[in-house]
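In: Following is a predicted model, sequence given first.
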2 protein chains.
Amino acid sequence: MADSEALPSLAGDPVAVEALLRAVFGVVVDEAIQKGTSASQKVCEWKEPEELKQLLDLELRSQGESQEQILERCRAVIRYSVKTGHPRFFNQLFSGLDPHALAGRIITESLNTSQYTYEIAPVFVLMEEEVLRKLRALVGWSSGDGIFCPGGSISNMYAVNLARYQRYPDCKQRGLRTLPPLALFTSKECHYSIQKGAAFLGLGTDSVRVVKADERGKMVPEDLERQIGMAEAEGAVPFLVSATSGTTVLGAFDPLEAIADVCQRHGLWLHVDAAWGGSVLLSQTHRHLLDGIQRADSVAWNPHKLLAAGLQCSALLLQDTSNLLKRCHGSQASYLFQQDKFYDVALDTGDKVVQCGRRVDCLKLWLMWKAQGDQGLERRIDQAFALARYLVEEIKKREGLELVMEPEFVNVCFWFVPPSLRGKQDSPDYHERLSKVAPVLKERMVKEGSMMIGYQPHGTRGNFFRVVVANPALTCADMDFLLNELERLGQDL
Amino acid sequence: MADSEALPSLAGDPVAVEALLRAVFGVVVDEAIQKGTSASQKVCEWKEPEELKQLLDLELRSQGESQEQILERCRAVIRYSVKTGHPRFFNQLFSGLDPHALAGRIITESLNTSQYTYEIAPVFVLMEEEVLRKLRALVGWSSGDGIFCPGGSISNMYAVNLARYQRYPDCKQRGLRTLPPLALFTSKECHYSIQKGAAFLGLGTDSVRVVKADERGKMVPEDLERQIGMAEAEGAVPFLVSATSGTTVLGAFDPLEAIADVCQRHGLWLHVDAAWGGSVLLSQTHRHLLDGIQRADSVAWNPHKLLAAGLQCSALLLQDTSNLLKRCHGSQASYLFQQDKFYDVALDTGDKVVQCGRRVDCLKLWLMWKAQGDQGLERRIDQAFALARYLVEEIKKREGLELVMEPEFVNVCFWFVPPSLRGKQDSPDYHERLSKVAPVLKERMVKEGSMMIGYQPHGTRGNFFRVVVANPALTCADMDFLLNELERLGQDL
């Protein structure tokens, strides 16, 4: 080889590395963090895909580029990206920018390790254990197990896989073909990952029995009981119920005590998908919404949503103390999980998961929690509820806004009824015309960059807005702005 | 509620946010980046778990902490973490710190969005498309599809799920019970995720037929042919072969052309797990190792490994142009993938995956590629091969070092034979005693913090070291250090 030197790249030049990273960090602070969270700036800078492609010059070429070009590219990426930490971003179940969580994420990236062994992730193996213990304590468990997963959907799949393995350990080796048809139960308001998971895990979507929900979106335990009986009558073996704490659209909480009673009677695994609502457990005032969760076998909880820990931070919590995770997922790879290591190999978490490399997702949550304490996080939850309540009361005061229902969580669902449709509820095309309003307003707000709110149809209801009140930096003024802006954007409709 | 103000946290105070983040960034640059990549510093600071718990004070409490305390915590987290970017970290298939990739990761974290819709990730939807197109072009495909997955294991699972769906589309709805027993084929040197995936997907590990590998770790195509015949004779339906380009321990490349011939004859889906070796496609000199990869149906390729893009960056590439990903994984959630959006909803990638929220994994790779160009990345690959070759030649020159085999990749596998065992190859307990050497040396190097090298038994071979030469900052001097240090640590054995 030509050299005993490193390549003539930044990698061998600590001064150049530092200069680059300081310059990029300056851009990040100015553009993504300061402007990105300032109400005086746009929440997004809409471009049509073809135009955006031109602006970004995405093509990867043979020659590398200069530092100035790279910095310019960083600025462009930030400029045309949606600012999810902005106080006018109400579009998803995550929003806001917690600076301590972001600090934890930057440290995570700079350390770039995998969570699978104590050997290369000693701090994070112990930290994950402690964070999971804390989350379990909030559920109501003094012991148990758990793991951070790449998203709530995969947490839900883990729960289904664990439940079937517990009942049929042979299935790990022999597969589903030798088993009777299995049935799992969830409400029609559940997250779509239950269906996706059933398909991926080889159960098939037909194995998902859809239980009725009441008009507020809560699972009806009597119908669950009925569906279980029906499945059994058809020769299927019920094995799991997935209840939801905080549904995606309406923010509904399933009645966990009653569902747990049903599961207990039938010997079924109770999984609670609390990806969205789990963080309410931090609030003494509101945690009653999850009463009964301590009776679950597994809980999925995403602190990247209501706690703003940053994507992704998804915990799967288990009441199990029999090492079910490792038994179900382990494969004892000899090159990674050597048994003759000089430390206690029970600390190696790699065989708890179906992945191999696994990102560190605990530090961002841990650092934020250290900075805020339980108390600080509880105040955030309580404030989100209070602001959602404020928004609801304002909606009731204004003409042309109609609540879908009184929310019990921080999803506020309502229609904007434009001037031309007010008082026309009885006209035959009212609902059809009303359903077309939200898409038009959405296009207008995005193209102006003034705010972002999601909308969707739901059951027999036409398109309505779902405002998610989650960003801890929000104030009543932001709620007022939101409603004023809708009125402004829709005044000619 | 008590206020129309934001909470008294940093979130409402841009000056305090900026001050905190600048302080943390200073710690990151000094401790994780400068010291963390300096050969004059330790690669790790070993502590026993109980002592480390005390040092870190992990408990999450009711009260929050001051900024000084938080900064102290950041320093401790970095101090006791393993420095995977350090030139003495040879322990995993990833190492090194690329500053542009890190810049991309910091921007990704600051923007904190999910890749599922064009609406909230316009830049990254288009960028992912472009990066995947580039990777596909290197495979040899002018069209196709693909997606970034949370790790290579899940990429491999995706491939298996897609292959079975293509053959039995009903299985998405009806599950595996109605299908004949399926068989997939991979060599005994394959990554353990194939077994884990078969269990998770409901196929069971029995469905994995283990094909022989030759003494260099390459799949034997004749045995593949034989195994397919055996499976069919047993009434199973072969549907997929998973070949490996760059096995985990030996770094072997399966003979893809011959395997593709077998797949073609039997109508089987050919998946290539090139998580480790895929990046060799960038090298004109070495890409012949993957000859035939263009005949695959799917390829898993992790740029977070040899290209040092940062965990995680795992692409699944498909030759398919029939929208198989969306058909197989889609569930058309109406609240996220509304069909009445004001832009082309084909841009929404969420229904290509089994997750819901999905991290942005393309920016770090894109930015690094823009800075390096194909040429810069090619030089890196070529340099890694050259340095591995240098290490091999040095090993041959020294007494007490014995190669497991001549490597064809950058995994250099060898035994350190300590003075007391030299010349004793014929003694009956030689192999047993030799196998105990690597764990002892590993403990010593980690406790001194001088370097980290993985070891493992393999087949009938006792523990040997596997040095992974991947960090782009490495030089011949680092190779010399490695061997000298082994001799120093093992001189009394």
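Out: Yes, it's here. Residues are numbered from 1 along each chain as shown, chains lettered A, B, ... in the order given.

In: Backbone dihedrals for the residue in chain A that chain B sits nearest to, please?
Out: Closest to chain B within chain A is residue A:202: 2.4 Å, counting by CB to the nearest CB. No exception for glycine: its C-beta is placed from N, CA and C like everyone else's. Dihedral angles of residue A:202 (phi, psi; degrees, to the nearest 10) stand at phi 90, psi 0.

In: quick one: the residue nearest to it when sequence neighbours are not counted and residue A:408, what's the gap?
Out: Nearest residue to residue A:202, sequence neighbours excluded (CB to CB, 6 or more residues apart in numbering or on different chains): residue B:202, at 2.4 Å. From residue B:202 over to residue A:408 the distance is 37 Å, taken as CB to CB, to the nearest Å.

In: just residue A:458 next, same as before
Out: For residue A:458 relative to residue A:408 (CB to CB), the value is 16 Å.

In: ok, now residue A:211?
Out: Residue A:211 is 19 Å from residue A:408, by CB to CB.

In: Compare the two (neighbour count), which wins?
Out: residue A:211 (27 against 19; other CB atoms under 10 Å in any protein chain shown).

In: tell me the phi and psi of the more buried one?
Out: phi -90, psi 150.

In: Contacts only, for it.
Out: Going by CB atoms under 8 Å, 6 or more residues apart in numbering or on different chains, residue A:211 touches A:185, A:186, A:187, A:188, A:219, A:220, A:223, A:224, A:227.

In: Check whether the second one sits in a helix, strand or coil.
Out: By that I understand residue A:186. strand (DSSP: H, G, I helix; E, B strand; the rest coil).

In: So what sits opposite it in the bridge?
Out: Counting by DSSP bridges, residue A:186 is bridged to residue A:210, residue A:242.

In: any idea how far residue A:364 lies from residue A:124?
Out: Separation of residue A:364 from residue A:124 (CB to CB): 11 Å.

In: should've said residue A:488
Out: According to CB to CB, residue A:488 and residue A:124 sit 48 Å apart.

In: neighbour count winner among these two?
Out: Using other CB under 10 Å, the more surrounded residue of residue A:488 and residue A:124 is residue A:124, with 28 against 13.

In: which stretch of helix or strand covers that one?
Out: helix A:122-139 (DSSP states H and E).

In: same for that helix, what does it pack against?
Out: Using 3 or more CB pairs under 8 Å, 6 or more residues apart in numbering or on different chains; DSSP states H and E, the elements in contact with helix A:122-139 are strand A:145-149, strand A:314-318, helix A:363-397, helix B:49-56.

In: deepest of these, which one?
Out: Ranked by mean neighbour count under mean count of other CB atoms under 10 Å in any protein chain shown, the helices and strands packed on helix A:122-139 are led by strand A:314-318, which reaches a mean of 27.

In: for that strand, packing partners?
Out: Packing partners of strand A:314-318 (3+ CB pairs under 8 Å, 6+ apart): helix A:122-139, strand A:145-149, helix A:152-167, strand A:298-301.

In: Relative to residue A:420, which of those is closest?
Out: Within the helices and strands packed on strand A:314-318, the stretch nearest residue A:420 is helix A:152-167; the backing value is 40.3 Å (CB to CB).
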